[in-house]
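Participant: need a structure here:
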Amino acid sequence: MKPMGAIPLEFQSFPLSIGGRPVEEFLTSSPVFVYDMSIVRSRIARFRAAFPSIDLHYAVKANPFSPLLAAMVPLVDGFDVASAGELARVATLGKAVSFAGPGKTDAELDAAISAGVTINLESENESDRAIAVADRLGVTPRLAVRVNPEFELRGSGMRMGGRASPFGVDAERVPALVKRILAAGAEWGGFHIFAGSQALDPSAIIDSQAHTLDLAVRLAEAAGASPPFVNLGGGFGVPYFPGEQVLDIAAIGAALTPRLGMLPDTRFAIELGRWLVGEAGVYLTRIVDRKESRGETFLVCDGGLNHQLAATGNLGTVVRRNYPVAVGTAAPDAKREIVSVVGPLCTPLDRLADQVELPVAGPGDVIAIFMAGAYGLSASPWEFLGHPRPAEILV
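Facilitator: Numbers count the residues shown, from 1 in each chain. All right, here's what the predicted structure looks like:
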């Protein structure tokens with residue numbers, strides 16, 4: 001038997017219900033992603049309590065489901081996008097928007113500048129192109145600088161600083177770029193400093209935020225201009241795997257808040273995606289076959305890595321570990337067994353759970369994969385092998 005991650009507290013009663021409704025109600029078609037908005041609201045309330053003076057931005061890349069974005073509007077202060085496609089999803093929602101990501105095309109710069117979006121510049125060349133586009137449009141662009149810091153976020157699942165990078169402008173080159181932006185008559189939008197993601201050690205995030213504020217002060221002094229806005233990035237992780245603990249954001253907020261006075265005229269934001277929505281999502285897939293092979297039992301489902309790639313260990317995971325998984329239709333006292341849960345695809349990579357202990361189940365029963373609210377369907381190859389696209393439901 002191999003361990004699995006802990007099921008979020010909101011889903012630990014069985015047979016499983018989501019938003020007070022039994023899982024079978026959601027399976028008029030299978031598979032399906034279900035997102036519980038009450039969990040998102042509770043996470044946002046926790047953030048507001050821990051960071052009362054800091055804006056909250058939602059990173060659309062975590063989950064761009066349109067009903068979810070609409071539900072976010074009264075709860076967050078802005079949206080952060082990374083493509084023209086994401087921009088189109090939020091442009092009419094009436095919130096502040098910033099646009100990050102390398103490789104922005106002139107067409108994307110045109111769309112962003114026309115919409116009054118803050119562009120987080122990733123290079124000097126991108127700055128020149130944005131200014132040229134704005135001159136052609138006859139408008140003043142809002143340009144921030146994404147900084148590639150000289151430090152990284154310790155223990156992060158994806159490190160974004162402290163090395164050569166396609167993301168952001170190396171810190172030592174930033175002051176000169178700020179001066180060029182101001183000289184060109186653009187509206188300077190401040191800094192975006194993002195050192196890493198999916199960190200679960202509060203001390204590492206506290207340390208990274210301290211370095212971020214110190215860096216912002218140094219850059220402002222060198223550029224001769226105080227930033228109107230600093231996006232501190234995010235990096236808040238969620239506990240996917242065995243032994244991982246829920247992040248203590250109250251400790252992070254208590255350490256960060258007193259330091260904000262280092263830039264008294266600056267507004268700050270934290271940009272979060274998976275921390276807000278990851279635990280709110282459940283991927284439901286129905287078992288279509290149960291088979292034995294050389295002493296192992298396999299539960300074969302109608303969905304797999306084509307919908308929930310991350311749970312199979314094929315989205316940036318070096319060592320495959322089991323996401324939390326359950327038989328959603330099982331009674332609490334059901335007999336248990338060791339099984340592997342696999343999808344319908346013709347590849348051995350399509351394994352949703354490897355040698356886990358679950359209630360005895362067979363065709364018609366429902367498998368629930370938790371932690372599916374972020375980097376789920378939109379980060380998975382759902383067209384691979386031509387299976388139907390799963391439904392998505394917000395409750």
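Participant: how's this structure carved up into domains?
Facilitator: Listed domain ranges for the chain are 9-34+279-394, 100-272 (source: automatic domain parsing).
Participant: rounded mean pLDDT for the first one, please.
Facilitator: Right, domain 9-34+279-394. Mean per-residue pLDDT for domain 9-34+279-394: 95.
Participant: distance between that domain and the chain's centre?
Facilitator: On the basis of Cα atoms, centre = their mean, to the nearest Å, domain 9-34+279-394 sits 20 Å off its chain's mean C-alpha point.
Participant: cool, and the last one?
Facilitator: Averaging C-alpha coordinates over domain 100-272 and over its chain gives two centres that are 16 Å apart (Cα atoms, centre = their mean).
Participant: start to end distance for it?
Facilitator: 14 Å (Cα to Cα, to the nearest Å).
Participant: TSV for the domains of the chain, including distance to Val73 and mean neighbour count?
Facilitator: In this view, the C-beta of every residue, glycine as well, is placed from N, C-alpha and C. Output for the domains of the chain, formatted as TSV (distance: least, Cβ to Cβ, whole Å; neighbours: other Cβ atoms under 10 Å):
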stretch	distance to Val73	mean neighbour count
domain 9-34+279-394	13	19
domain 100-272	16	19
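Participant: okay, now the unreliable bits of the stretch 151-300 of the chain?
Facilitator: 152-163 (pLDDT under 70).
Participant: re the thing from before, which one of the domains of the chain lies nearest to Lys61?
Facilitator: Closest to Lys61 of the domains of the chain, according to Cβ to Cβ: domain 9-34+279-394, at 7.8 Å.
Participant: what helices or strands is the longest helix along the chain leaning on?
Facilitator: What stands out as the longest helix in the chain, according to DSSP state H, is helix 202-223. Using 3 or more Cβ pairs under 8 Å, 6 or more residues apart in numbering; DSSP states H and E as the contact test, the elements touching helix 202-223 are helix 174-183, strand 187-193, helix 249-256.
Participant: okay, these in CSV with distance to Arg267 next?
Facilitator: Converted to CSV, the helices and strands packed on helix 202-223 look like this (distance: least, Cβ to Cβ, whole Å):
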stretch, distance to Arg267
helix 174-183, 17
strand 187-193, 8
helix 249-256, 14
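Participant: out of the ones you listed, nearest to Val277?
Facilitator: Per Cβ to Cβ, nearest to Val277 of these: helix 249-256, 15.3 Å.
Participant: which SSE is immediately downstream of the closest one?
Facilitator: strand 267-272 (DSSP states H and E).
Participant: partners of that following strand in the sheet?
Facilitator: Counting by DSSP bridges, the strands paired with strand 267-272 are strand 55-59 (parallel), strand 229-231 (parallel).
Participant: can you say which of these is nearest to Ile206?
Facilitator: strand 229-231 (16.5 Å).
Participant: check what contacts that closest one and list those residues.
Facilitator: Residues from elsewhere that reach strand 229-231 (Cβ atoms under 8 Å, 6 or more residues apart in numbering): 57, 80, 98, 118, 120, 144, 189-194, 212, 216, 263, 266-271.
Participant: distance to Leu68 added to the domains of the chain, as CSV?
Facilitator: Output for the domains of the chain, formatted as CSV (distance: least, Cβ to Cβ, whole Å):
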stretch, distance to Leu68
domain 9-34+279-394, 6
domain 100-272, 14
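Participant: between those domains, which gets nearest to Pro52?
Facilitator: Of those, nearest to Pro52 by Cβ to Cβ is domain 100-272, at 7.6 Å.
Participant: and Thr285, what does it touch?
Facilitator: Thr285 makes contact with 30-31, 301-304, 307, 343, 352, 366-367, 369, according to Cβ under 8 Å, 6+ apart.
Participant: and it, which helix or strand is it part of?
Facilitator: Going by DSSP H and E, Thr285 is part of strand 281-293.
Participant: next SSE downstream of that strand?
Facilitator: strand 296-301.
Participant: what's the angle between that next one and strand 281-293?
Facilitator: 140 degrees (axes from the mean of the first three to the mean of the last three Cα atoms, to 10 degrees).
Participant: next SSE after strand 296-301?
Facilitator: Counting by DSSP H and E, what follows strand 296-301 is strand 325-327.
Participant: and the contacts of the helix or strand following that following strand?
Facilitator: Next helix or strand after strand 325-327 toward the C-terminus (DSSP H and E): strand 336-342. With Cβ under 8 Å, 6+ apart as the test, strand 336-342 has contacts from 1, 296-301, 304, 325, 350-361, 367.
Participant: tell me if Asp354 really is in a strand.
Facilitator: Yes - the assignment for Asp354 is a strand, going by DSSP: H, G, I helix; E, B strand; the rest coil.
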